[in-house]
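> Sequence and predicted structure below; questions after.
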Amino acid sequence: MAMVMLDEVTPQGVAAVLETWRGAGEAFHLLALLPESEKGKVGELQAVCRQAGVALGGALFPQLIHDGALWDGGAVLLRVTASPPPLLIEKVGTADAVARVCGETVDCVEGNIADDANAALFCIFDALVPNIATHLDGWYLSLADRVRYFGVNAGNERFVSEPCLFDSERFIADAVLLQLLPGHPGACLEHGYAVPAQAITATSATGNSIVQIDWRPALDVYREIMQTQYGVAIDRENFYSHAVHFPFGILRADGEVLVRIPVALGAKGEIICVGEIQPNSMLTLLDARAGSGKAAAALARDLAEQGALLAGGDLLLFYCAGRRLHIGAGLGDELAAVARETAAQQVAGALSLGEIGGARSDGYPLFHNATLVGVPWSRP
């Protein structure tokens, strides 16, 4: 595998990278990460790959990451070897699609790895798919620990439905892109947030909307806690600008804390989050500011314990877009800390709109917000 950052996406530049990789004499295909501003280049990228006979999968993200900074242009190109081509599955957002998507996912895994083989399943969802956690549950019920699960959400920060996933022929929304990686150790996820003592309950929740907290309208309770605990006055106009700093944490029995960033309000005061919330989930409000500066060291420690990142290797990094909003000018420091703590030769990736990774306790795939996702990507 290999990773290349292109400052500019041109047919000539992409073709040159593919030709260099072809010279290594090993069969490969391409995963491409593009910022939303480069969506007009997807057709050119598809044409180059078709002409070169190279299978393609890719996604659009708000921005890219490279050299400790955010990029609005260019592309991160990932060479994938010893793996089946990426699988793009359409129309995944409805309840009746879950069984179909699960069947295609299971076929992809079972048709490409032996029963005793180690592998990771890298998934990229359209961020506006409303039932991502339900899909993950279905995969685990069918595949259990056959693979290590990790992934991210693609799309735009306007949360408007637009095409954001592509392969050699299609450029679509409401989809998931799957890349099976035999022999890959998977990813590590960290957010670094401490958990306050106060707990509340989502007594009514539907999909990614919290309707009631402790039997009262969700917005009323959120507003009261923000005022009394943090001295912040919330209204509909300033909701998102403050909520990104104070996301919900879902408290799991195994000690895992799943972050859910509120992004909008419904007409009746329901709080809409990125990611599903099960009814009667135990919640707390997290102070995102308190987690800044801790996640990079924790991520490096997790990668070291996993034995996944070899000295001099590259690191594919996904960084939650909501986390970027609250950390502000500290983003560069945190990215620099990731590079320093992991000792990676190159760190590149994208801003994500939700993250996916296994629970520390059992490998069960969980949907996260506000995390850093570190994916070892070895150098050729």
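Right, received. Where do you want to start?
> next helix or strand past the helix or strand harbouring residue 44?
Element membership for residue 44, per DSSP states H and E: helix 42-52. Once the chain leaves helix 42-52, the next helix or strand it forms, by DSSP H and E, is strand 56-61.
> Please, where are all the helices along this structure?
For the chain, the helices defined by DSSP state H cover 11-22, 42-52, 98-110, 132-143, 218-230, 239-243, 295-306, 321-327, 331-342.
> what's the first one packed up against?
Under the contact criterion of 3 or more CB pairs under 8 Å, 6 or more residues apart in numbering; DSSP states H and E, helix 11-22 touches strand 2-6, strand 28-35, helix 42-52, strand 75-81. Placement of C-beta: from N, CA and C, glycine included.
> And the contacts of it?
Applying CB atoms under 8 Å, 6 or more residues apart in numbering, the set of residues contacting helix 11-22 from outside is 2, 4, 6, 28, 30, 44-45, 47-49, 51-52, 54, 75, 77, 79.
> Give me the buried subset of those residues.
Buried subset of the contacts of helix 11-22 (neighbour count, 16 or more other CB atoms under 10 Å): 2, 4, 6, 28, 30, 45, 48-49, 52, 54, 75, 77, 79.
> Give me the neighbour count for residue 205.
Residue 205 has 23 neighbours, counted by other CB atoms under 10 Å.
> wait, doesn't it sit right on residue 281?
Yes: counting by CB atoms under 8 Å, residue 205 does reach residue 281; the two are 6.8 Å apart.
> coming back round to it: nearest to residue 91, out of the helices and strands packed on helix 11-22?
Nearest to residue 91, of all these, is helix 42-52, at 19.4 Å by CB to CB.
> That closest one to helix 11-22, inter-axis angle?
40 degrees (axes from the mean of the first three to the mean of the last three CA atoms, to 10 degrees).
> name the helices or strands packed onto helix 42-52?
If contacts are counted by 3+ CB pairs under 8 Å, 6+ apart, helix 42-52 sits against helix 11-22, strand 28-35, strand 56-61, strand 165-167, strand 171-172.
> how far does that helix sit from the chain's center?
Offset of helix 42-52 from its chain centre (CA atoms, centre = their mean, to the nearest Å): 25 Å.
> now what about it, what contacts it?
Contact with helix 42-52 is made by 9-11, 14-15, 18-19, 22, 30, 32, 34, 55-56, 58, 60, 75, 163, 166-169, 171, as judged by CB under 8 Å, 6+ apart.
> Can I have the buried ones of these as a ChimeraX selection?
To isolate in ChimeraX the members of the contacts of helix 42-52 that are buried, counting by 16+ other CB under 10 Å, one can use:
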select :9,14,18,30,32,34,55,56,58,60,75,163,166,167,168,171
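> Can you name the residues that contact the residue most central in space within the chain?
For the chain, residue 152 is the residue whose C-alpha lies nearest the centre (CA atoms, centre = their mean; 1.9 Å). Going by CB under 8 Å, 6+ apart, residue 152 touches 124-125, 318, 350, 352-356, 373.
> dump the residue contacts of the residue lying closest to it once chain neighbours are set aside.
Closest residue to residue 152 apart from its sequence neighbours, by CB to CB, 6 or more residues apart in numbering: residue 352 at 3.9 Å. Neighbour list for residue 352: 61, 152-154, 318-321, 373 [criterion: CB under 8 Å, 6+ apart].
> wait, which of these is closest to residue 99?
Distances from residue 99 to the contacts of residue 352, taken by CB to CB, are shortest for residue 153, at 21.8 Å.
> so the closest one touches residue 368, yeah?
No: applying CB under 8 Å as the test, residue 153 and residue 368 come out as separate, 10.2 Å apart.
> Between the two, which contacts overlap?
Taking CB under 8 Å, 6+ apart as the contact rule, residue 153 and residue 368 both touch 354-355.
> how close does residue 155 sit to residue 12?
According to CB to CB, to the nearest Å, residue 155 and residue 12 sit 29 Å apart.
> Please identify which of these two sits among more neighbours.
A count of neighbours by other CB under 10 Å puts residue 155 above the other of residue 155 and residue 12, at 28 against 8.
> Contact partners for that one?
Counting by CB under 8 Å, 6+ apart, the residues that residue 155 touches are 60-62, 126-128, 162, 164, 353.
> switch to 7 Å and redo it
Residues in contact with residue 155 (CB atoms under 7 Å, 6 or more residues apart in numbering) are 126-128, 164, 353.
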